[in-house]
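A.B. asks: attaching a predicted model along with its sequence, questions to come.
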Amino acid sequence: GNVMDNIHAHIPHGEHIACTVKTNFLLAAGVSNWGIEALSLALHMTNFIEKNQRSNHSNGEMSPPIYCSSKFHQDMYMLTAKYGAADPMRNAFDGGVDGMEYKVHKK
């Protein structure tokens, strides 16, 4: 890809994990789920800001509601496992991701 040289230079083991697909944008994350959660929060905040700008008034909220409880995260991880999402590195359907059990994510 068009960022491969930077991945090789700045990411440990980058020469083994760099994607070869070209990209215009890159979100680097040590754990895939953490990266998509960051992207989801950014999209949520962008939507919240645009919605409030279009309405020209605030509904009383000073900032977008972006906090999710630990219970919500646990339920989300366990539901994905229930419906067939596995951690392929451990061959497990237990809410774990990228070779780590759910309890690691919970921290």
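C.D. replies: Nice, thanks for sending it over.

A.B. asks: ok, the residue nearest the centre of the chain to Thr23 distance?
C.D. replies: Residue closest to the average C-alpha location in the chain (C-alpha atoms, centre = their mean): Ile36, at 2.1 Å. Distance of Ile36 to Thr23, computed by C-beta to C-beta, to the nearest Å: 15 Å. C-beta coordinates here come from the backbone N, C-alpha and C atoms, glycine included.

A.B. asks: OK, contacts around the residue nearest to the centre of the chain?
C.D. replies: Ala29 (C-beta atoms under 8 Å, 6 or more residues apart in numbering).

A.B. asks: quick one: the helix or strand in which it is found to chain centroid distance?
C.D. replies: Counting by DSSP states H and E, the element that carries Ile36 is helix 32-55. On the basis of C-alpha atoms, centre = their mean, to the nearest Å, helix 32-55 is displaced by 12 Å from the centre of the chain it belongs to.

A.B. asks: who does whatever helix or strand comes next after that helix touch, helix- and strand-wise?
C.D. replies: Per DSSP H and E, the first helix or strand lying C-terminal to helix 32-55 is helix 70-82. Other helices and strands packing on helix 70-82, by 3 or more C-beta pairs under 8 Å, 6 or more residues apart in numbering; DSSP states H and E, are helix 102-106.
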